[in-house]
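What follows is a predicted protein model with its sequence.
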Amino acid sequence: MSVMNGAEALIASLAREGVEVIFGLPGTQVMDVLDAIYRQQGIRWVTVRHEQAAAFMAYGYSRTTGKVGVALVVSGPGALYTTAALGTAYATSTPVLLVSGQVESYNLGQQRGSLHEMDDQLEVFRPLTKWCHRVQTMDEIPRAVNKAIHYLRTGRPRPVELEIPRDLMQMSAQVELPQPRSIFPSQPSLEQIRAAASLLVSAKRPLIWAGGGVIGSDASEALTHLAEHLNAPVIMTPQGKGAICGDHPLSLGTSYLKPDPALRLLPQADIILVVGSRFPLSLRTPWTPQRNQKVIQVDIDPAQIGRNEMVHLGIVADARSALTSLLEELHEGIGSTWQSTELEKIKATVISELEEVAPLQLSLIRVIHDELKEEGILVPGVTNIGYWSYIAYPVLRPRAYLTPSYFATLGYAFPTALGAKMGNPQRPVVALCGDGGFLYAIQELATAVREDLNVVALVFTDGAFGSCLRDQQRSYGNRIIGTRLRNPDFARLAEAFGAKGIKLSSPDELREGLCAALAEKRPTVVEVPVPNMRLPWEI
């Protein structure tokens with residue numbers, strides 16, 4: 001036991017749990033924490049220019065490293081600014097810890113007008129987190145951190161919010177730091193694994209549907225081995241991209257919207273193994289399982305089993321544990337009749353259809369893939385090229401492609417990419433931004449310059465909130481209101497921050513511009529003019 005104040009206990013506890021970096025913004029209720037970081041060393045502090053960016057950077061750091069991402073903010077406005085990022089982390093099952101300062105414990109609920117006071121702040125975070133908690137006493141801080149990290153590392157890894165009143169940060173006492181808890185992945189029922197193995201062995205046309213849970217549990221290698229053993233093609237969700245290498249012969253691409261390889265494969269499949277996915281087919285395709293088809297669903301969250309489609313067999317387990325156990329049980333010969341030639345034909349047909357309906361988008365995506373290569377990390381924003389990348393960008397390794405899933409958070413891409421770069425300093429990182437979304441966090445160019453984060457932001461400019469403009473043109477009689485934009489010169493604005501700015505005159509110059517940007521040792525903004533282009537759901 002050691003004598004320390006509450007802020008020191010917080011930082012010592014986080015360091016003991018393996019936290020290496022905290023993203024945040026100074027403020028009255030967390031100044032003692034910054035002082036503790038300064039005096040104790042060991043944890044890197046990154047000052048952002050907006051609290052929302054702190055949480056998005058923690059999100060990008062976590063998604064690409066598999067580690068817990070941590071953000072620190074004041075209560076009230078600071079904490080509320082993080083909610084879009086926490087909602088994104090919740091949607092994508094990402095372990096982000098938000099530590100929020102709080103008004104003094106003796107002022108809680110008194111409505112005296114304390115700085116950043118907010119009644120029942122915890123209630124804001126309940127629907128956005130797996131667990132949220134307010135520390136009541138100073139000596140509870142290490143136990144609360146230990147419990148928060150345990151929640152983040154077990155079961156479905158969704159975000160956690162922990163708030164600590166300022167006066168508890170300043171109190172000193174004898175403190176004992178608990179040992180980090182041992183983590184044991186959720187194991188599947190052997191009986192269920194054997195039942196699944198029996199079904200898969202008998203399958204003539206097995207199909208694997210891989211979601212983000214495969215990435216989150218680091219199960220890509222096990223999934224690839226299983227697909228090869230079964231001779232089963234793999235369809236990935238956008239969040240599951242990288243679950244199997246995009247160049248693998250059994251990788252049939254991503255199910256998002258037409259052209260969709262799933263629509264060609266699903267009707268032919270007799271056994272469908274769904275791993276780490278909500279399997280929301282009824283929301284995006286007209287296909288539903290038929291009587292002669294059996295669905296096996298593996299998910300660490302029991303609430304997801306059968307949520308969107310009826311399943312023949314549900315297995316509640318960590319994806320890697322379940323896939324490894326399945327491989328151990330599959331001793332018999334495999335009866336799959338899939339032929340490599342027919343799978344190649346399906347892939348070629350999908351690409352051909354994409355080329356026909358979106359030639360410019362595919363050309364741009366191909367350039368980005370060529371320049372990023374296997375090492376690159378891509379963060380597609382909620383923008384036209386981002387949407388098309390869901391379908392057309394082949395991801396060659398896990399944790400290299402970061403979407404906001406169903407939360408579809410406009411403006412998340414650039415700060416998320418900064419967090420990804422912080423966790424992967426040797427890997428190239430590119431954010432795909434629209435001219436609408438990029439301005440949500442353009443101030444974080446200051447953070448990128450200060451922290452030497454040479455992220456590339458490709459800003460595709462069409463002078464509009466493009467998807468909303470097209471919606472008005474198609475569905476609202478071309479009555480245009482609120483969707484046209486007046487933009488700054490993004491390249492010159494980047495230079496004003498001390499970053500590199502590159503302004504292209506046409507999308508044909510993307511290869512040259514991106515190649516130059518990736519060679520820079522500082523953050524770079526590449527402005528790419530594009531027309532207002534067709535969206536995937538318009539096909």
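Yep, that arrived. Residues are numbered from 1 along each chain as shown.

Do me a favour and get the end-to-end distance for stretch 290-301?
25 Å (Cα to Cα, to the nearest Å).

what is the mean pLDDT for that stretch?
For stretch 290-301, mean pLDDT rounds to 90.

Run through who's touching it.
Residues outside stretch 290-301 that contact it (Cβ atoms under 8 Å, 6 or more residues apart in numbering) are 155-156, 186, 188, 196, 199-200, 213, 217, 267, 269-277, 279, 289, 304-306, 309-319, 322-323. (Each C-beta comes from the backbone N, C-alpha and C, glycine too.)

Just the buried residues from these, in PyMOL please.
A single PyMOL command selects the buried members of these (16 or more other Cβ atoms under 10 Å):
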select buried, resi 155+156+186+188+196+199+200+213+217+269+270+271+272+273+274+275+276+277+279+289+304+305+309+311+312+313+314+315+316+317+318+319+322+323
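
Filter the contacts of stretch 290-301 down to the ones in helices?
Members of the contacts of stretch 290-301 lying in helices (criterion: DSSP state H): 196, 199, 200, 213, 319, 322, 323.

Pick the one among these closest to residue 424.
Nearest to residue 424 among these is residue 213, at 21.5 Å by Cβ to Cβ.

picking up where we left off before, may I see the ones in helices among the contacts of stretch 290-301 organised as TSV, with distance to residue 230 and pLDDT added?
Shown next, in TSV, are the ones in helices among the contacts of stretch 290-301 (distance: Cβ to Cβ, whole Å; pLDDT from 0 to 100):
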residue	distance to residue 230	pLDDT
196	11	96
199	11	93
200	6	94
213	19	96
319	16	96
322	14	97
323	11	97
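
quick one: which of the residues you listed is nearest to residue 108?
Nearest member of the ones in helices among the contacts of stretch 290-301 to residue 108, counting by Cβ to Cβ, is residue 213, at 37.9 Å.

Can you tell me the closest non-neighbouring residue to that closest one?
residue 276 (1.9 Å; Cβ to Cβ, 6 or more residues apart in numbering).

which ones are touching that neighbour?
With Cβ under 8 Å, 6+ apart, residue 276 has these contacts: 210-217, 219, 240, 243, 298-300, 319.

looking at this structure, which helix or strand is least sure?
Lowest on mean pLDDT, DSSP states H and E among the helices and strands of the chain sits helix 281-284, with a mean of 55.

can you give me the end-to-end distance of stretch 148-160?
Span of stretch 148-160 from end to end, Cα to Cα: 7 Å.

Contacts for that stretch, please.
Contacts for stretch 148-160 (Cβ under 8 Å, 6+ apart): 17, 68, 86, 89-90, 93-98, 128-133, 162, 180-181, 183, 186, 216, 300-301.

From those, which land in helices?
Filtering those for helices - DSSP H - leaves 86, 89, 90, 216.

thought the second one was touching residue 60?
The reference is to residue 89. No: between residue 89 and residue 60 there is no contact, the gap being 10.1 Å when judged by Cβ atoms under 8 Å.

what's the domain layout of this structure?
2-175, 190-343, 358-538 (automatic domain parsing).

Figure out the length between the terminal residues of the second one.
The first residue of domain 190-343 is 32 Å away from its last residue (Cα to Cα).

Can you name every helix or strand that whatever helix or strand residue 191 lives in contacts?
In this assignment (DSSP states H and E), residue 191 forms part of helix 190-202. Helix 190-202 is packed against strand 271-275, strand 294-299, strand 313-316, helix 319-329, with contacts defined by 3 or more Cβ pairs under 8 Å, 6 or more residues apart in numbering; DSSP states H and E.

Including distance to residue 512, could these go into JSON lines?
Formatted as JSON lines, the helices and strands packed on helix 190-202 follow (distance: least, Cβ to Cβ, whole Å):
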{"stretch": "strand 271-275", "distance to residue 512": "41"}
{"stretch": "strand 294-299", "distance to residue 512": "45"}
{"stretch": "strand 313-316", "distance to residue 512": "50"}
{"stretch": "helix 319-329", "distance to residue 512": "41"}
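
What's the separation between residue 396 and residue 63?
Using Cβ to Cβ, to the nearest Å, residue 396 is found at 17 Å from residue 63.

Give me the more crowded residue out of these two.
residue 63 (32 against 20; other Cβ atoms under 10 Å).

Now the helix or strand where the more buried one lies: buried residues?
Here residue 63, judged by DSSP H and E, is contained in helix 51-65. For helix 51-65, a neighbour-count test (16+ other Cβ under 10 Å) marks 51-65 as buried.

same deal with stretch 355-368?
358, 360, 361, 362, 364, 365, 366, 367, 368.

so when I look at the second one, I'm seeing a strand, right?
The one in question is residue 360. No: going by DSSP: H, G, I helix; E, B strand; the rest coil, the assignment for residue 360 is helix, not a strand.

Does the residue nearest to residue 212 when sequence neighbours are not counted fall in a helix, a strand, or a coil region?
Spatial nearest neighbour of residue 212, chain neighbours left out: residue 239 (3.5 Å); criterion: Cβ to Cβ, 6+ apart. For residue 239, the assignment made with three-state DSSP gives helix.
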